[in-house]
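A.B. asks: Build the 3D model from these lines:
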Amino acid sequence: MLEKLFKLKENGTNVKTEIMAGITTFMTMAYILAVNPGILSESGMEFGKVFAATAITSAIATLVMAFIANLPFALSAGMGLNAFFTYTVCLGMGHSWQFALTAILCEGIIFLILTFCNIREAIVNSIPESLKKAIGAGIGLFIAFIGLQNAGIVVGGATLVELSDSWYKGSALVAILGLIFTAFLLTKKVKGALLLGIIFSTLIGLFIGSPDKVTVWNPGNATFAPSSPYFFKFAFNEVFANGKSLFDFIIVMFTFLFVDMFDTVGTLIGCAGKSGIIKKDGTIPHCKEALLADAVGTTVGAMLGTSTVTTFVESSSGVSEGGRTGLTALTVSCLFILSLFLEPIFGSIPSAATAPALILVGVMMITPITQINFNDYTEGIPAFLTLLFMVCAYSISDGIMFGILSYVILNALNNKKVGITTYIIAILFIAKIIFNALI
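C.D. replies: The predicted structure follows:
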């Protein structure tokens, strides 16, 4: 049955590999179940309800990815977008969280329309080949940087970022020991090395202790009854209350739209490149169906009470473990459902324990950079800017923006052919810059 559904032999994989890959992906992204409710609760939402909404929405969106797209990618509430939700829309602009959810609902509906009209798929396939490789490598650097931050090895400082004064103790030490252990397993080609590294890091974290004080699971105090999410908490009356609110709504909705679109596009390209499924003509199989998954996730997420849903870069950890089909995604989806009943356990996994996996996935994803022709500056400079800004601006979409804009400008000035869709994407990014300037 599984063979018929997911075509395992055709994709050079098996049930054991796919399940292991799914578990690995889930373990590297399980932090979102604690982080997302924590961020959104600062806007006035209830932690437990957002936790339930995050888990259920992630499961539904990832199921769509599994059965409709048959791709090994998982989805959940996007980091960065949840921060924009709370700190910009609610705390900065003074709007309610219901207002923000209304903007996300409308964004999701627009995504559905764009997906069915094949517009989003055309955007993915129009990205120049050199930038596709740069995006994949850039995401590798980006998630490795996230791993260093999660572990407390790299912190903010006088030079913007710097090595932590306590990099040799606490959570940073946990991550470093986990990194050494996981790297050793990889050199020995041990299957499930990333997952084993997460388990190892979690266990040593119990003995070493860490400053990032994640609540340790106590069976005596644990409650396993799942919370219920929000249902249809929208504020259209606030949107149309006056001209300013309507204008704010349009700006907020399009900001969510642009960031989500290009974060997902970047992640799909990066993870697809790592899994080796990108075709010779540069297209991604089942791209439309994959984009449908995050459009459905975003729409459902708004209805249940969570921020914009996107394909997760951490999916690359499962891909690195051999995940090639929707069975990997199905495994992740099942674990999200299970997490509803095991919140105390999953909440006890410290971010330092997943940091080694993120850092080493960065090593695995950097390899496409060797295929970029840096001697041709019309290709090399845009690729370099893509890499640079993904990390320095802490944004996948910003990295793509600088890459696309520089690619179009340099190639146009040198009378080189640039596809019409690439020009359109550049115009969209210019529009995004204008929208951001108006906020």
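A.B. asks: Now do the contacts for the closest residue to residue 358 other than its chain neighbours.
C.D. replies: Spatial nearest neighbour of residue 358, chain neighbours left out: residue 147 (3.2 Å); criterion: C-beta to C-beta, 6 or more residues apart in numbering. Quick note: C-beta positions are derived from backbone N, CA and C, even for glycine. Shown in contact with residue 147 (C-beta atoms under 8 Å, 6 or more residues apart in numbering): 175, 354, 355, 356, 357, 358, 359, 362.
A.B. asks: so where do the strands sit in the stretch 251-400 of the chain?
C.D. replies: Residue ranges of the strands in the stretch 251-400 of the chain, as given by DSSP state E, counting those that start in this stretch, are 309-311.
A.B. asks: can I get the contacts of residue 147 in TSV with pLDDT?
C.D. replies: Below are the contacts of residue 147 laid out as TSV (pLDDT from 0 to 100):
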residue	pLDDT
175	92
354	81
355	86
356	90
357	85
358	83
359	90
362	85
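A.B. asks: Where neighbours are concerned, which of those has the most?
C.D. replies: residue 355 (32 neighbours; other C-beta atoms under 10 Å).
A.B. asks: give me the low-pLDDT residue ranges for the stretch 201-350 of the chain?
C.D. replies: Along the stretch 201-350 of the chain, the model assigns pLDDT under 70 to residues 209-225, 282, 344-348.
A.B. asks: wait, isn't residue 429 in contact with residue 404?
C.D. replies: Yes: shown here, residue 429 and residue 404 form a contact pair, counting by C-beta atoms under 8 Å, at 6.1 Å.
A.B. asks: Got phi/psi on the most centrally placed residue in the chain?
C.D. replies: Centroid-nearest residue in the chain: residue 312, 2.8 Å away (criterion: C-alpha atoms, centre = their mean). When read as degrees, to the nearest 10, the backbone of residue 312 gives phi -90, psi 130.
A.B. asks: List the contacts of it.
C.D. replies: 25, 29, 32, 73, 74, 75, 76, 78, 267.
A.B. asks: give me the low-pLDDT residue ranges for the stretch 51-200 of the chain?
C.D. replies: In the stretch 51-200 of the chain, residues with pLDDT under 70: 124.
A.B. asks: From residue 283, how far off is residue 169?
C.D. replies: 48 Å (C-beta to C-beta, to the nearest Å).
A.B. asks: residues near the closest residue to residue 63 other than its chain neighbours, how many?
C.D. replies: Leaving out its chain neighbours, the residue that sits closest to residue 63 by C-beta to C-beta, 6+ apart is residue 333, at 4.7 Å. Using other C-beta under 10 Å, residue 333 has 25 neighbouring residues.
A.B. asks: Residue 333: what's it in contact with?
C.D. replies: 58, 59, 60, 62, 63, 66, 74.
A.B. asks: thought the second one was touching residue 338?
C.D. replies: What that stands for is residue 59. No: assessed by C-beta under 8 Å, residue 59 is found out of contact with residue 338, at 9.3 Å.
A.B. asks: Name the residue in these two with the higher neighbour count.
C.D. replies: residue 59 (23 against 14).
A.B. asks: would that one count as being in a strand?
C.D. replies: No: checked against DSSP: H, G, I helix; E, B strand; the rest coil, residue 59 lies outside a strand; its state is helix.
A.B. asks: Ignoring the adjacent residues along the chain, who's closest to it?
C.D. replies: residue 336 is the one closest to residue 59 (C-beta to C-beta, 6+ apart), at 3.9 Å.
A.B. asks: how near is the one you found to residue 226?
C.D. replies: From residue 336 over to residue 226 (counting by C-beta to C-beta), the distance is 12 Å.
A.B. asks: more neighbours, those two?
C.D. replies: Taking other C-beta under 10 Å, residue 336 and residue 226 do not tie; residue 336 has more neighbours (28 against 17).
A.B. asks: can you give me the end-to-end distance of stretch 82-92?
C.D. replies: 14 Å (C-alpha to C-alpha, to the nearest Å).
A.B. asks: What residues sit buried inside it?
C.D. replies: By neighbour count with 16 or more other C-beta atoms under 10 Å, stretch 82-92 contains the buried residues 82, 84, 85, 86, 89, 90.
A.B. asks: Of those residues, which is the nearest to residue 433?
C.D. replies: residue 84 (15.7 Å; C-beta to C-beta).
A.B. asks: from memory that closest one sits against residue 257, does it?
C.D. replies: No: using C-beta under 8 Å, residue 84 is not in contact with residue 257, being 11.9 Å away.
A.B. asks: Could I get the buried residue list for the helix or strand harbouring residue 411?
C.D. replies: Following DSSP states H and E, one finds residue 411 within helix 396-413. Within helix 396-413, the residues scored as buried using 16+ other C-beta under 10 Å are 396-408, 410-411.
A.B. asks: Nearest to residue 248 among the residues you listed?
C.D. replies: Nearest to residue 248 among the buried residues of helix 396-413, with distances taken as C-beta to C-beta, is residue 397, at 20.8 Å.
A.B. asks: So the closest one versus residue 54, what's the distance?
C.D. replies: 21 Å.
A.B. asks: again, but for residue 164
C.D. replies: On the measure of C-beta to C-beta, residue 164 and residue 54 end up 29 Å apart.
A.B. asks: Please identify which of the two sits among more neighbours.
C.D. replies: residue 54 (30 against 21).
A.B. asks: what sits against the more buried one?
C.D. replies: Counted by C-beta under 8 Å, 6+ apart, residue 54 has contacts 32, 33, 36, 37, 76, 77, 301, 306.
A.B. asks: try it again with 10 Å
C.D. replies: With contact taken as C-beta atoms under 10 Å, 6 or more residues apart in numbering, residue 54 is in contact with 32-37, 40, 76-77, 82, 229, 301, 304-307, 309, 336, 339-340.
A.B. asks: ditto for residue 411
C.D. replies: Residue 411 touches 128, 378, 379, 382, 417, 418, 422, counting by C-beta under 10 Å, 6+ apart.
A.B. asks: Who wins on neighbours among the residues you listed?
C.D. replies: residue 382 (25 neighbours).
A.B. asks: now it, nearest residue through space, not along the chain?
C.D. replies: Nearest one to residue 382, counting by C-beta to C-beta, 6+ apart, is residue 407 at 3.8 Å.
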